[in-house]
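> Fold the stuff below for me.
(one chain, ligands or ions: 2)
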Amino acid sequence: MSIQVFGIQVSRGVAIGRAVLVASSRVDVAHYYIGADQVASEIERLRLARNAVAEELQALKADMPPEAPHELAALLDVHLMLLHDEMVITATKNWVRDRHYNAEWALSAQLEVLARQFDEMEDAYLRERKADVEQVVERLLRELSRLAAEAAPGGAAGNGASVVAAAPAARDFAGEDPLVLVAADVAPADMLQFKRSVFTGFITDVGGRTSHTAIVARSMDIPAVVGAREASRLIRQDDWVVIDGDAGVVVVNPSPIVLEEYRFRQRQSELERARLSRLRHTPAVTLDGQAVELLANIELPGDAAAALEAGAVGVGLFRTEFLFMNRGGALPGEDEQFEAYRAAVAAMQGMPVTIRTVDVGADKPLDRAGDGRHDHGLNPALGLRAIRWSLAEPGMFRQQLRAMLRAAVFGPVRILVPMVAHVSEMVAIHEALARARQQLDDGGKRHGPVTLGAMIEVPAAAVMIERFLRQFDFVSVGTNDLIQYTLAIDRADESVSHLYDPWHPAVLALLRQVIAASVAHGKPVSVCGEMAGDAAFTEVLLAFGLRSFSMHPSCVAEIKQRVLRADTRQLEALGRLALDAESPASAVRAALAGAREK
Ligand code: PEP
Ligand code: MG
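Ligands and ions are numbered 1, 2, ... in the order given. So this is what the prediction gives:
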């Protein structure tokens, strides 16, 4: 039966594929296709893992002290039985044989099928047996991970994360069905891991449009819907699903007619992309000759290639926190960071790279299971996040600054600091930078010139923009957080996402004020939040005086097209309209449509 699930659109376009349901706790399981010639060896891997787990369970049983409760031995018997159960093992082998899933993926796919069946059982006792299946699968996954680590060069024992790292890069899956990932939730760092994966679309139950999971999904430039609430419950493993990224709708098991319509739209949007990509080398200049800087937002140094490919003229935001995540509490050292920043700087071939100091906290925890360093508290978005954390760990902060200063030897670097709101923070940032320079000098290490900027993303910063402009070389407006903090709407919470409104007059007024003050002081100002890459705002931002936009590489072409068609002399009235209209979104849309018709 065909059903529709409604969510929040994250990135545009249409994806059609089979659903792969992944439990949030198991998103780090490697997902890759094996070749037809590897099916037998993959099944052998499963067999070895099963035998090893069976031995482990037998040994546990044998070592059980006589005084141990009888239930424990019975439980081990259940687990041993499950290890040989058709629904666990044979069905898993079928995923390998029929779909060419790797063993870990096949196991977790089958676990999702079984978990659903258990959830639907009437009998409470039987329903609880789900936990037993989960435990058995968990043991098997651990064993597979151990086997993979043993087989890998060096043979180091690994955890779940190393399995991902050791997994072959996504194979060309021509001939296989395209796949879309369905999960209740995916942490931003885990999302990042899917950048090189087999999935052609994403659906999550939770999240808002500017949650970091959504931002990473958007950076992959594949259709995604978040905040789809019941999706992971309503969609079943292997269902056919259509992700309509434009409308934020998911169609499950579409009828042939609906499917055909979506295939048509998919082709149309591919043609449109191809057309836009021809603008890659065209300079972004308005009809009246105003040059506009279109920069890229990146998460990892490797993303610089996409930035160049898209025709960005620099990096306006390198979110370095992704280098810090999922490392089990260990942080990247100075040299490791230096290499990452240098790689981005070198890749951009002399164009500026804006590297932001670490912004963990809120919906970007360091580690999936809590990091021990951060107690997230009741209001994580208002807690120890971004510069607050950096200043709480001054050694870590200076280490990051030193790595950035060293990378500046290889090309122009701008250092950007997130979430600054207090004068004391400004002073501390300058002191830390001066000390980091001094430390490099003392150690005889080369470093290059940098400019220092602040994100304007807390309303307090926007209100006291004049002071920021005196203290910093440039500013960059983080609209994602500026909206969140101005309107008191958690950007990651789908239940209030309807109130997360970039068109809110207070947001627009703050934006205009920041841009106007920066222009008046002759200080560079950019917008690097999602609004910069949203074509609905291009003319309004130009009208406010903005000439520098930073966005996902995939948005550059569309925004450039808007810039090329704009005439800033005629946009003044539009800026006023946006600020004064009852309903700015529709007023601006109507005014732009009217202007186009003339
Ligand atoms: C922002 O807040 O707009 C921004 C660009 O930073 P982040 O999304 O990483 O918080
Ligand atoms: Mg921010």
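
> Could you tell me which residues of the stretch 451-598 of the chain lie near ligand 2?
Within the stretch 451-598 of the chain, the positions near ligand 2 by C-beta under 5 Å from the ion are 457, 478, 481. (Each C-beta comes from the backbone N, C-alpha and C, glycine too.)

> quick one, what contacts the second one?
The neighbours of residue 478, taking C-beta atoms under 8 Å, 6 or more residues apart in numbering as the test, are 418, 455-457, 528-529.

> Could you list the low-confidence segments of this protein?
24-27, 153-175, 368-377 (pLDDT under 70).

> Specify the residue ranges that define each domain of it.
1-27+170-277, 34-167, 281-597 (automatic domain parsing).

> among these, which is nearest ligand 1?
domain 281-597 (2.8 Å; C-beta to the nearest ligand atom).

> what separates that closest one from the chain centre, distance-wise?
Distance, stretch centre to chain centre, for domain 281-597: 16 Å (C-alpha atoms, centre = their mean, to the nearest Å).

> Just confirm yes or no for that domain near ligand 1.
Yes. Domain 281-597 reaches ligand 1 (C-beta under 6 Å from any ligand atom) through 317, 319, 359, 457, 478-481, 528-529.

> gap between the two ends of that domain?
Domain 281-597 has an end-to-end distance of 28 Å (C-alpha to C-alpha, to the nearest Å).

> Is the residue of the stretch 1-150 of the chain found nearest ligand 2 in a helix, a strand, or coil?
Closest approach between the stretch 1-150 of the chain and ligand 2, counting by C-beta to the ion: residue 10, at 17.0 Å. Secondary structure, DSSP: H, G, I helix; E, B strand; the rest coil: residue 10 is strand.

> ok, now how distant is it from residue 49?
36 Å (C-beta to C-beta, to the nearest Å).

> More neighbours: these two, which one.
Neighbour totals were compared for residue 10 and residue 49, and residue 10 leads with 29 against 24 (other C-beta atoms under 10 Å).

> From what I see, the more buried one and residue 221 are in contact.
No. Between residue 10 and residue 221 there is no contact under C-beta atoms under 8 Å: 10.9 Å.

> Mind listing the shared neighbours of the two?
Common neighbours of residue 10 and residue 221 (C-beta under 8 Å, 6+ apart) do not exist.

> What number of residues are in the vicinity of residue 580?
Residues lying near residue 580 (other C-beta under 10 Å) number 11.

> go on, residue 176?
For residue 176, the neighbour count with other C-beta under 10 Å is 15.

> Quick one: residues contacting it.
Residue 176 touches 33, 99-100, counting by C-beta under 8 Å, 6+ apart.

> Which of the residues you listed fall within helices?
Taking DSSP state H as the definition of helices, the contacts of residue 176 contribute residue 99.

> ok, of the contacts of residue 176, which come out buried?
Listed as buried from these are 33, 99-100; burial here means 16 or more other C-beta atoms under 10 Å.

> Return the member of those residues nearest to residue 112.
Nearest to residue 112 among the buried ones among the contacts of residue 176: residue 99, at 13.7 Å, using C-beta to C-beta.

> buried stuff in stretch 45-60?
Here stretch 45-60 shows 45-46, 49-50, 52-53, 57 as buried, counting by 16+ other C-beta under 10 Å.

> contacting residues around the spatially closest residue to residue 22 that is not a sequence neighbour?
Once flanking residues are discounted, residue 22 sits nearest to residue 183: 4.8 Å by C-beta to C-beta, 6 or more residues apart in numbering. Neighbour list for residue 183: 21-24, 27, 202-205, 232 [criterion: C-beta under 8 Å, 6+ apart].

> Could you rerun that using 10 Å?
20-24, 26-27, 190-191, 202-206, 213, 231-232 (C-beta atoms under 10 Å, 6 or more residues apart in numbering).

> So which of the residues you listed belong to strands?
Counting by DSSP state E, the contacts of residue 183 place 20-22, 202-204 in strands.

> returning to what we had before: any chance of TSV for the buried residues of stretch 45-60, columns distance to residue 325 and secondary structure?
Shown next, in TSV, are those (distance: C-beta to C-beta, whole Å; DSSP: H, G, I helix; E, B strand; the rest coil):
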residue	distance to residue 325	secondary structure
45	29	helix
46	31	helix
49	28	helix
50	33	helix
52	31	helix
53	30	helix
57	34	helix
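
> Please identify which pair of those residues lies farthest apart.
Longest distance between any two of those is 18.8 Å, between 45 and 57; criterion C-beta to C-beta.

> Just confirm residue 17 contacts residue 178, I think it does.
Yes. Using C-beta atoms under 10 Å, residue 17 is in contact with residue 178, at 3.7 Å.

> Any idea how far apart the tips of stretch 338-356 sit?
13 Å.

> gap between the residue lying farthest from the centre of the chain and residue 72?
Ranking residues of the chain by C-alpha distance from their mean position (C-alpha atoms, centre = their mean) puts residue 66 at the top, at 51.2 Å. Distance, residue 66 to residue 72, using C-beta to C-beta: 12 Å.

> Just the ones of the residues of the stretch 451-598 of the chain next to ligand 2 in helices?
residue 481.

> My guess is residue 281 contacts residue 313. True?
No. Contact status for residue 281 versus residue 313: not in contact, 11.0 Å apart, counting by C-beta under 10 Å.
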